[in-house]
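Student: Next one to model:
(one chain, ligands or ions: 1)
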Amino acid sequence: MKIFIDTANLEDIEEGLKRGFASGITTNPSLLAKEPKSSFEGHVQKIVELIRRYKPGIHLSVEVFSKDKEEILKQAQQFVSQFNYPQMSVKVQVGYNELETISKLSSMGVSVNCTACMSVTQAVMAAHAGAKYVSLFWGRIRDGGINEENAIERDYLKAKKVLDDNDFNPYIVVKSVRQILDQDRLNSEIIVGSIRSITDIRDAGLAGAHIVTVPPKFFKPMASHYKTDEVVDQFMTDFQQWLS
Ligand code: E4P
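Tutor: Modelled structure (predicted):
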């Protein structure tokens with residue numbers, strides 16, 4: 001299980017990259033919109049510079065910001081020439097029309113990260129269309145099964161047998177996608193995003209995610225344990241006593 005950093009914040013990216021554990025960075029329009037207003041191109045270029053300084057060659061995902069298939073195609077091609085970073089994937093949201101664009105971009109040699117996948121069928125269709133990565137949203141898949149505001153749509157789709165209870169268990173969704181990718185010998189990798197806790201990260205890895213993209217606030221607690229603090233303090237104390 002590789003760990004990516006899910007942010008557009010330059011300080012957090014630098015802090016993560018310095019520590020060497022990250023194999024990639026993922027951004028999305030909402031994450032970029034949390035940063036101080038500036039140029040989109042300039043900000044992404046700064047992320048590329050940080051990657052080149054600390055860990056050249058790792059993955060970077062940059063997302064399109066349109067729902068129009070022609071515009072998505074244009075933006076994706078612009079990103080490739082503008083950012084000139086060979087390990088960049090263009091994030092394109094899943095959708096029936098978007099699959100055509102994903103297929104076109106992939107056959108042109110553009111690496112596509114098909115994002116916002118919530119179901120097994122979406123991820124499998126994207127992988128067959130050529131997406132190099134399929135991003136499944138762990139927290140939002142789970143929310144889809146419990147949020148009151150989704151109740152009408154959820155009940156309707158369950159009645160039509162479009163979805164059932166398994167579709168709201170992110171562990172089952174990710175495990176099923178991984179099983180089908182392996183069965184079909186597809187080269188797409190699963191990125192799990194929408195992480196809400198450290199146990200989600202562990203469970204996503206165990207479910208078969210190739211990559212888990214993690215918000216920076218989780219990195220420090222991921223690397224810590226109260227029993228580690230306790231035993232390291234004990235080592236220091238015992239050794240000091242022996243020296244004196
Ligand atoms: C993943 O690629 C997305 O950037 C992100 O993880 C979505 O997470 P959210 O549900 O917290 O918005």
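Student: CA only for contacts and neighbour counts going forward, please
Tutor: OK.
Student: could you point out the longest helix in this structure?
Tutor: Taking DSSP state H as the criterion, the chain has its longest helix at helix 226-243.
Student: what is the mean pLDDT for that helix?
Tutor: Averaging pLDDT along helix 226-243 gives 98.
Student: What of stretch 44-60?
Tutor: Per-residue scores along stretch 44-60 average to 98.
Student: How about residues contacting it?
Tutor: 8, 10, 13-14, 17-18, 20, 23-27, 62, 83, 85-89 (Cα atoms under 8 Å, 6 or more residues apart in numbering).
Student: Confirm that Glu100 sits in a helix.
Tutor: Yes - counting by DSSP: H, G, I helix; E, B strand; the rest coil, one finds Glu100 located in a helix.
Student: what residues does the chain put near the ligand?
Tutor: Residues of the chain that fall close to the ligand, judged by Cα under 6 Å from any ligand atom: Asp6, Thr26, Thr27, Asn28, Ser135, Gly139, Arg140, Gly193, Ser194.
Student: Now flag whichever of those is closest to Asp184.
Tutor: Of all these, Asp184 sits closest to Ser135, with 18.1 Å by Cα to Cα.
Student: now the closest one: how far from Ile191?
Tutor: From Ser135 over to Ile191 the distance is 5 Å, taken as Cα to Cα, to the nearest Å.
Student: How about Leu105?
Tutor: With distances taken as Cα to Cα, Leu105 is found 19 Å from Ile191.
Student: Can you report how many residues neighbour Gln122?
Tutor: Gln122 is flanked by 20 other residues according to other Cα atoms under 10 Å.
Student: rewinding a little: ok, Leu105 and Ile191, which is more surrounded?
Tutor: With neighbours defined as other Cα under 10 Å, Leu105 and Ile191 compare such that Ile191 has more, 28 against 21.
Student: element containing Ser89?
Tutor: strand 88-93 (DSSP states H and E).
Student: which neighbours does that strand have in its sheet, and in what orientation?
Tutor: strand 59-63 (parallel), strand 112-117 (parallel) (DSSP bridges).
Student: Include mean neighbour count when you put these into TSV, please.
Tutor: Putting the strands paired with strand 88-93 into TSV (neighbours: other Cα atoms under 10 Å) gives the following:
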stretch	mean neighbour count
strand 59-63	22
strand 112-117	27
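Student: Put together a markdown table for the ones you listed, with distance to Asp203 on each row.
Tutor: Below are the strands paired with strand 88-93 laid out as a markdown table (distance: least, Cα to Cα, whole Å):
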| stretch | distance to Asp203 |
| --- | --- |
| strand 59-63 | 22 |
| strand 112-117 | 18 |
